[in-house]
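Engineer: got a predicted model here, sequence first, then my questions.
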Amino acid sequence: MITTKNRVAQLFENHDDSSKIMSLFLTAGYPDVESCVDLILGFDKNGVDMVELGMPFSDPLADGPTIQYSSNVAIEQGITMEKILDIVKQVRKKSEIPIILMGYINPVIKYGIERFCQEASKVGVDGLIIPDIPIEESGIMTKEAEQHNLPIIYLVAPNTSDERMRNIDEQSQGFVYCVSVTGVTGAREGEEVAQSVQRFIDRVKTNISQNPKMVGFGIKSHEDAQKIAADMDGFIVGSALIDTIRENYPKKGWKDEVFAFVRTLKYGTE
Amino acid sequence: MKYDLPTKEGYFGNFGGKFVPEILIPVLEELEEAYNEAWHDNSFLKEYSSLLNEYVGRPTKLTYANRLTEYYGKAKIYLKREDLCHTGAHKINNAIGQILLARRMGKDRIIAETGAGQHGVATATACAKFGVDCIVYMGAEDMERQKLNVERMRLLGTEVRSVTSGSQTLKDATNEAIRDWVTNVEDTFYIIGSVVGPHPYPKMVRNFHRVIGDEIRSQLKEAEGQETPDHLLACVGGGSNAIGAFYPFIEDEEVKMYGLEAAGLGANTDETAATLTIGTPGVLHGSMSYLLHDTDGQIQLAHSISAGLDYPGIGPEHSYLHETKRVKYHSITDNEAMEGVKLLSETEGIIPALETAHAIAYLDELMPKTSEDEIVVLNCSGRGDKDMTTISKNL
């Protein structure tokens, strides 16, 4: 049994309200396995509070072109569950940044749910987000996840009813992932997102009381994040990060460009 | 054996469920409610039945295949003629059912995915009939292989969107359709073309096709004085024509049922679509079922000479019927299917779809084990016009 407090829980507990918690989504194995370790360690030093490490899947049906692309690159380069878990293991030698594994259920089923939970916990994973496991299907892995002290984080969407939001809040651990738009992942224009999400955010505030609330999907700048996450505990950026990596990799100094983008996301341009 | 599946949660044993992003859950709940209500509403059933009769051309014939029967010299063979349906395949039964449901739910934008194009054509046809906007997602490679069906859909006023991601075939067309659905949940109805996808689709599509088995029962009674065949055969990709034929006979234990899936170049090669023969359980496109996937759980590309069977998954109910051994599933190679095309064309003057040819090919194995007093019914899921280019190349 793991007795140390979960890093995600600690993050929310120790966080002061002066800035929003920023979580970044990075596809495991993109742009390559070694760089992933360096990137996550760099994120830790550049203001990132939490990392969602994506487990690539051949058929990512809730993802837009950017994450589909990075997933394909990672799969073509031979990413495996062993390598994904090894990325976490390598990071853990030098960093305590909270790491959540995020991905579709099929690779987890194939790896073995019990084996996956056991090994993920052992290398220092702090939680799981499985977008194609809604609360109805949670039974497939709750027992194993609980046994290995792995919180499962569920999502709410703009069309989730008030009652369902409350149910999801009951079952989610760590935080609730609030999907700000109906659609797939991908960066969008800030105004478009900000205007359409206000009503959703208001409902989230009313119905989700037990867990911290993180908002994601469509955020690509510090300004977007400030607007959208104003009433939330933090925000999540994925596609915009992958786009930045894609634009710069493998040019000389590409990692510095990525870290500069990350700092701007968190702190803005001052 | 009492058969009352799926469960309320959409499970056939361990298979089925709703493995979808949160955004789709409210949509599936709304669909399920609307479907359950419609399926018990006489006015809906009356309209559906009337369209099946007057527009689709039902009941389709049950044809005694006398020369095919003579060829094997064993049991009597009957063909259930879904190839005689409007648009040339059973797919239209379901497309008509779902479009009626979409109208009832006030959804005025229809999306669908298609592999060989038969479901796309059926959906485009139903949309034209009701004057509804329709977008069909189709893999770029399939569009090239099935040009005729692309043209048919366009003539019917449907927009065919080329899918260039991934394998550029049905699997990726389905991913794109789901992405569209996730983005446009408010006004869009997704007409799924087989007994796959999240609950309630496998149940709903099955029920829209059960008319095939129901008709076999009454037509056989009239022709032979008995309601049940001894052997019932159908091809299986996703498995919609097969489940339509099988479902009304599941409780009749004396009926032996056979699902024939595509082995491609051989079930033990990489070029195959024999999901139940060599696959293992997993989750794709919203449900738990048997799949073709590699050791990392990445979905594998399926291959079959028939564009309608090269799908790496299968309907969850078939997975259940396979595990409970109620239906026996066998795989048929591309070459064997080609022999099936020739056999039916030459003995009965019926050019079958390459999908159907897989069921015909199995007669070689089945027929010697039958006796003259038995009856075999084979479901002809569609006609072979759409496959003529492939057939000519392989003759």
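Structural biologist: Alright, I've got the coordinates.
Engineer: quick one: name the residues of the stretch 1-150 of chain B near chain A.
Structural biologist: B:9, B:17-23, B:25-27 (C-beta under 8 Å from any C-beta of the partner chain). Every residue, glycine included, has its C-beta placed from N, CA and C.
Engineer: swap the cut-off to 7 Å and go again
Structural biologist: B:9, B:17-23, B:25-26 (C-beta under 7 Å from any C-beta of the partner chain).
Engineer: for PyMOL, what selects the buried ones among these?
Structural biologist: Those of the residues of the stretch 1-150 of chain B next to chain A that count as buried under 16 or more other C-beta atoms under 10 Å in any protein chain shown are selected in PyMOL with:
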select buried, chain B and resi 17+18+19+20+21+22+23+25+26
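Engineer: switch the residues of the stretch 1-150 of chain B next to chain A over to a markdown table; also include pLDDT and secondary structure.
Structural biologist: Shown next, in a markdown table, are the residues of the stretch 1-150 of chain B next to chain A (pLDDT from 0 to 100; DSSP: H, G, I helix; E, B strand; the rest coil):
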| residue | pLDDT | secondary structure |
| --- | --- | --- |
| B:Glu9 | 98 | coil |
| B:Gly17 | 98 | coil |
| B:Lys18 | 98 | coil |
| B:Phe19 | 98 | coil |
| B:Val20 | 97 | coil |
| B:Pro21 | 95 | coil |
| B:Glu22 | 96 | coil |
| B:Ile23 | 94 | coil |
| B:Ile25 | 97 | helix |
| B:Pro26 | 95 | helix |
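Engineer: for chain A, what's its nearest residue on the stretch 101-250 of chain B.
Structural biologist: Closest approach of the stretch 101-250 of chain B to chain A (C-beta to the nearest C-beta) occurs at B:Thr183, with a separation of 4.0 Å.
Engineer: now the strands for the stretch 1-150 of chain A?
Structural biologist: For the stretch 1-150 of chain A, the strands defined by DSSP state E, counting those that start in this stretch cover A:21-27, A:50-55, A:99-103, A:127-129.
Engineer: now mean pLDDT, mean neighbour count and distance to A:Leu150 too, for those strands, in CSV please.
Structural biologist: Below are the strands of the stretch 1-150 of chain A laid out as CSV (pLDDT from 0 to 100; neighbours: other C-beta atoms under 10 Å in any protein chain shown; distance: least, C-beta to C-beta, whole Å):
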stretch, mean pLDDT, mean neighbour count, distance to A:Leu150
strand A:21-27, 98, 25, 17
strand A:50-55, 98, 26, 14
strand A:99-103, 98, 25, 9
strand A:127-129, 98, 24, 6
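Engineer: let's have these in TSV, adding distance to chain B.
Structural biologist: Shown next, in TSV, are the strands of the stretch 1-150 of chain A (distance: least, C-beta to the nearest C-beta, whole Å):
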stretch	distance to chain B
strand A:21-27	14
strand A:50-55	9
strand A:99-103	10
strand A:127-129	11
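Engineer: which residues of the stretch 151-300 of chain B lie near chain A?
Structural biologist: Contact residues, the stretch 151-300 of chain B versus chain A (C-beta under 7 Å from any C-beta): B:165-166, B:171, B:175, B:178-179, B:182-183, B:185, B:282-284, B:293, B:295-299.
Engineer: show me which of the residues you listed are buried.
Structural biologist: Looks like those have B:165-166, B:171, B:175, B:178-179, B:182, B:185, B:282-284, B:293, B:296-299 buried, using 16+ other C-beta under 10 Å.
Engineer: quick one: contacts for B:Glu254?
Structural biologist: B:Thr228 (C-beta atoms under 7 Å, 6 or more residues apart in numbering or on different chains).
Engineer: helix, strand or coil for it?
Structural biologist: Following DSSP: H, G, I helix; E, B strand; the rest coil, we place B:Glu254 in the coil state.
Engineer: dihedrals phi and psi, it?
Structural biologist: phi -70, psi -20 (degrees, to the nearest 10).
Engineer: any idea how far chain A is from it?
Structural biologist: Per C-beta to the nearest C-beta, to the nearest Å, B:Glu254 is found 37 Å from chain A.
Engineer: the stretch 1-150 of chain A against chain B: which residues are in contact?
Structural biologist: A:57-59, A:61-62, A:68, A:75, A:80-81, A:105-107, A:109-111, A:131-134, A:136-137.
Engineer: please name the nearest non-neighbouring residue to the residue of the stretch 101-250 of chain B closest to chain A.
Structural biologist: Nearest residue to B:Thr183 in three dimensions, chain neighbours excluded: A:Gly183, at 4.0 Å (C-beta to C-beta, 6 or more residues apart in numbering or on different chains).
Engineer: need the pLDDT of the closest residue to A:Ile208 other than its chain neighbours.
Structural biologist: Using C-beta to C-beta, 6+ apart and skipping residues adjacent in sequence, the residue nearest A:Ile208 is A:Asp169, 4.5 Å away. Looking at A:Asp169, its pLDDT reads 98.
Engineer: contact partners for A:Asp169?
Structural biologist: Neighbours of A:Asp169 in contact, by C-beta under 7 Å, 6+ apart: A:176, A:207-211.
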